[in-house]
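Q: Generate a structure from the sequence data that follows.
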Amino acid sequence: RPSPEEALQWRDSLEKLLQNPYGLASFRSFLRSEFSEENAEFWVACEDYKKTKSPVKMAEKAKKIYEEFIQTEAPKEVNIDHFTKAVTMKNLVEPSPSSFDMAQKRIFALMEKDSLPRFVRSEFYQELIK
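A: Model prediction:
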């Protein structure tokens, strides 16, 4: 469990929150309670994807991420604009570590602007900083 001081830093840094296993778990629980956990799941999937070395594995993961989060009517479709979706689809013709960067940045910005302030006001977070 993080110290209250550590948890307090998360108010100003979604990055620190997402890099902390406990913070990420708390944030995901909060998002689940709001039915918006697909954003954090997508972000985590992209982080995992970027660490993939094997081109074969990368292509498999890219396909899975696309089918789960990007394609229209995907089971956990994330909210990205048509331009970002088009760029991402073009990037997937030849998957590389940066294939999902634009979409991931959009989702990060969305969580930072939207979900993080609500999380900071939530019971989940208030318990952590006591």
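
Q: From here on, just use CA atoms for contacts and neighbour counts.
A: OK.

Q: quick one, what contacts T84?
A: 102-103 (C-alpha atoms under 8 Å, 6 or more residues apart in numbering).

Q: Apply 10 Å and report the result again.
A: Residues in contact with T84, defined by C-alpha atoms under 10 Å, 6 or more residues apart in numbering, are 70, 90, 100-106.

Q: what's the helix or strand for it?
A: helix 82-91 (DSSP states H and E).

Q: Check the offset of that helix from the chain's centre.
A: Mean-position distance between helix 82-91 and its chain equals 17 Å (C-alpha atoms, centre = their mean, to the nearest Å).

Q: was I right about K16 contacting P2?
A: No. The criterion here is C-alpha atoms under 10 Å, and K16 misses it with P2 at 11.8 Å.

Q: which residues do these two both contact?
A: In contact with both K16 and P2: G23, using C-alpha under 10 Å, 6+ apart.

Q: the more surrounded of these two?
A: K16 (16 against 13; other C-alpha atoms under 10 Å).

Q: Identify the spatial nearest neighbour of the more buried one, chain neighbours not counted.
A: In space, K16 comes closest to W10 once its chain neighbours are excluded; the distance is 6.0 Å by C-alpha to C-alpha, 6 or more residues apart in numbering.

Q: Thank you kindly, that will do.
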